[in-house]
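**Student:** Fold the stuff below for me.
(one chain, ligands or ions: 1)
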Amino acid sequence: MEDALKVNPMPRIGDKAPDFTAVTTKGTLKFSEFNKDSWVVMFSHPADFTPVCTTELTAFAKEKEFFQKHNAKLIGLSIDSIHSHLAWVNNVREKTGIYMDFPIIADLDMKVANLYGMLHPGESSTAAVRAVFFIDPQGVIRLVLYYPLNVGRNMEEIKRILLALQTADKYKYAMPVNWKEGDMVIVPPPKTLEEMDERIANASYEKVDFYLAKTNLN
Ligand code: BEZ
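**Tutor:** Numbering: from 1, shown residues only. Reported below is the predicted structural model:
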């Protein structure tokens, strides 16, 4: 009987990002060293030289300065060879002028894709789905997105998520629906009757009621 593809469970929010060493377009790297003192946005794509993937990875490349400014490193992955990656990066540079110069993992043995739950056999057993992992400088997975093969990701949402996570960490507030930089943030709801009475009496927040209060940052 043929061996069924053994698929790892998906790493979850709050899990330590699994460490690995991999061959990439920027040389061999150890993930825990790459992640040191920096956020990492790690994303998989189904295959090199495919149209949706090309739109997505060029979009990441175009936002290089945004991610640098916000202390986040980019790293891609697909189940393709390093030769394929190099040829694709060069072809995209020649055709569009966009240089995808972040590391892209050549995961031919599917080791990293499997570690990160990027293989969803119902969608494809040979290609990674479109995953995005947001990993903080402590190496903790903070948010995960999974998209199927036929729907490209939203770069504005990816940038918004990074800012929302960093803002939540810095100010200890939460972000409401559709939050974007500059918007009001959510003050965590009270946990005791005393805190509730303080909240009811506090006129400095924009309040719907004691459990839904917003404030401006700074
Ligand atoms: C694409 O990127 O266009 C693509 C890749 C794999 C399957 C379907 C579409």
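**Student:** what residues does this structure put near the ligand?
**Tutor:** P46, A47, T50, P51, V52, C53, A127, L149, N150 (Cβ under 6 Å from any ligand atom). Placement of C-beta: from N, CA and C, glycine included.
**Student:** what do you get if the cut-off is 8 Å, keeping everything else the same?
**Tutor:** The chain comes close to the ligand at residues 45-47, 50-56, 124, 127, 149-150, 152, as judged by Cβ under 8 Å from any ligand atom.
**Student:** who's in contact with the helix or strand containing Q68?
**Tutor:** Remark: Q68 resides in helix 64-69, with elements defined by DSSP states H and E. Residues external to helix 64-69 that are found in contact with it (Cβ atoms under 8 Å, 6 or more residues apart in numbering): V41, F60, K73, L74, D101, F102, K159, L162.
**Student:** The same query, at a cut-off of 10 Å, please.
**Tutor:** 38-41, 60, 63, 72-74, 98-102, 155, 158-159, 162-163 (Cβ atoms under 10 Å, 6 or more residues apart in numbering).
**Student:** sorry, back to before: most neighbours among the residues of the chain next to the ligand, which one is it?
**Tutor:** Greatest neighbour count in these, by other Cβ atoms under 10 Å, goes to H45: 28 neighbours.
**Student:** Hmm, S124 and it touching each other?
**Tutor:** No: H45 is not in contact with S124 according to Cβ atoms under 10 Å; the separation is 11.8 Å.
**Student:** where do the contact lists of these two overlap?
**Tutor:** Common neighbours of H45 and S124 (Cβ under 10 Å, 6+ apart) are I79, L149.
**Student:** how far away is I13 from F34?
**Tutor:** Taking Cβ to Cβ, to the nearest Å as the measure, I13 falls 20 Å from F34.
**Student:** list the contacts for the nearest residue to F102 once chain neighbours are set aside?
**Tutor:** Nearest residue to F102 in three dimensions, chain neighbours excluded: L74, at 3.9 Å (Cβ to Cβ, 6 or more residues apart in numbering). Neighbouring residues of L74 by Cβ under 10 Å, 6+ apart: 40-43, 57, 60-61, 63-64, 67-68, 100-104.
**Student:** biggest helix in the protein by residues?
**Tutor:** helix 155-171 (DSSP state H).
**Student:** Report all helices and strands that that helix contacts.
**Tutor:** If you count contacts as 3 or more Cβ pairs under 10 Å, 6 or more residues apart in numbering; DSSP states H and E, helix 155-171 packs onto strand 39-44, helix 51-62, helix 64-69, strand 72-78, strand 130-135, strand 141-147, strand 185-187.
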